[in-house]
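*Asks:* sequence first, then the predicted structure, then my questions.
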Amino acid sequence: MIYTVTFNPAIDYVIKVDDLTLGKVNRTKREDMYCGGKGINVSNVLANLGIDSVGFGFIAGFTGDAIETGAKQLGFKPDFIRLREGMTRINVKIKSNEESEINGQGPDIHEDELEMMYQKLDTLKDGDILVLAGSIPNTLPEDVYEKIMERLQDRKIQIVVDATKDLLLNVLKYHPFLIKPNNHELGEMFGVELKNNEEIIEYGKKLQEKGARNVLISMAGDGAILITEEGDVHISPCPKGEVKNSVGAGDSMVAGFLTGYLKAGDYKEALKMGIATGSASAFSEDLATKDKIMELYEQL
């Protein structure tokens, strides 16, 4: 079974305004609401591809109710911990002449509530896949990913980590199955600007030296590079299309990669499915559908 963790889920309220003017009343041209959060996005796209998953996370208040209901509608099993205080955050994403975002903080998570999460994770079995994705709320310890991986290190659980900077670097000692920085995040980790594929591969291999097994580096419209634990390097371009929405494209790539790997047991095939799935989300108003994914898959 695949399990995803979203520590700080959100209702994403996406509005379109023709000409946003600060200090005046603006009226929306279009409004959409989505269940947001990187782990939720991964589970959503897995469901679209026919792969079952369970979503872990924390929810609170009436917005938490909406997240739980939405997860069921999206096709994956929610197994969230309900917090005793606060409400799940709302993120406002404004699309106008420029794109702007106002992200909520989210509720406080108490120590005993975090312990409930650890207990859920302790039920995972050998062969399961765990996806840790996204930032950590400021009410949780910064090393929570490390603590999770330390607890699970003696089991044969494939752990995927999609995080940035120290949050990612500090877990490499536990040998995650897959990490997915983008090329800019990879450069930031080492304080360099990466200008070509050779440099991206060089620094991707440095993450392997620190403990990562497989390194998947997304490069937006330039495709992706996969450096496998077998020592192979695969470079894949993106299919052509009009970018409509970049939100969730990286999470979709993770879902596609896992789907390809589970079905074929082959890293090159996993990369191909990951590229098609990430691109399908980028070329759509919402997250990737199976039909769109397979259409782009055939182009690669």
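*Replies:* Yes, it's here.
*Asks:* need the strands for the stretch 51-200 of the chain, in chain order.
*Replies:* 53-59, 77-82, 89-95, 99-102, 129-133, 158-162, 178-179 (DSSP state E, counting those that start in this stretch).
*Asks:* most tightly packed of those?
*Replies:* Counting by mean count of other C-beta atoms under 10 Å, strand 178-179 has the highest mean neighbour count of the strands of the stretch 51-200 of the chain, with a mean of 26. No exception for glycine: its C-beta is placed from N, CA and C like everyone else's.
*Asks:* contacting residues around that strand?
*Replies:* Outside strand 178-179, the residues that touch it by C-beta atoms under 8 Å, 6 or more residues apart in numbering are 158, 160-162, 168, 172, 207, 212-216, 254, 257.
*Asks:* so which two of the residues you listed are the farthest from each other?
*Replies:* Leu172 and Phe257 (18.4 Å; C-beta to C-beta).
*Asks:* more crowded one of these two?
*Replies:* More neighbours surround Phe257 than the other of Leu172 and Phe257, with 27 against 20 (other C-beta atoms under 10 Å).
*Asks:* hang on, the earlier thing: how about TSV for the strands of the stretch 51-200 of the chain, with mean pLDDT added?
*Replies:* Shown next, in TSV, are those (pLDDT from 0 to 100):
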stretch	mean pLDDT
strand 53-59	97
strand 77-82	97
strand 89-95	93
strand 99-102	90
strand 129-133	96
strand 158-162	96
strand 178-179	98
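*Asks:* looking at the ones you listed, which is closest to Val14?
*Replies:* That would be strand 89-95 among the strands of the stretch 51-200 of the chain, by C-beta to C-beta, at 4.6 Å.
*Asks:* okay, now the sheet partners of that closest one, with direction.
*Replies:* strand 10-16 (parallel), strand 99-102 (antiparallel) (DSSP bridges).
*Asks:* among those, which comes closest to Cys35?
*Replies:* With respect to Cys35, and counting by C-beta to C-beta, the nearest of the strands paired with strand 89-95 is strand 10-16 at 6.9 Å.
*Asks:* what does that closest one contact?
*Replies:* 28-37, 63, 66-67, 88-96, 103-104, 106, 247.
*Asks:* how about a cut-off of 6 Å?
*Replies:* Strand 10-16 is contacted from outside by 28-34, 36-37, 63, 66, 89-95, using C-beta atoms under 6 Å, 6 or more residues apart in numbering.
*Asks:* out of the strands of the stretch 51-200 of the chain, the one nearest Thr6 is which?
*Replies:* Among the strands of the stretch 51-200 of the chain, the nearest to Thr6 by C-beta to C-beta is strand 53-59 (4.0 Å).
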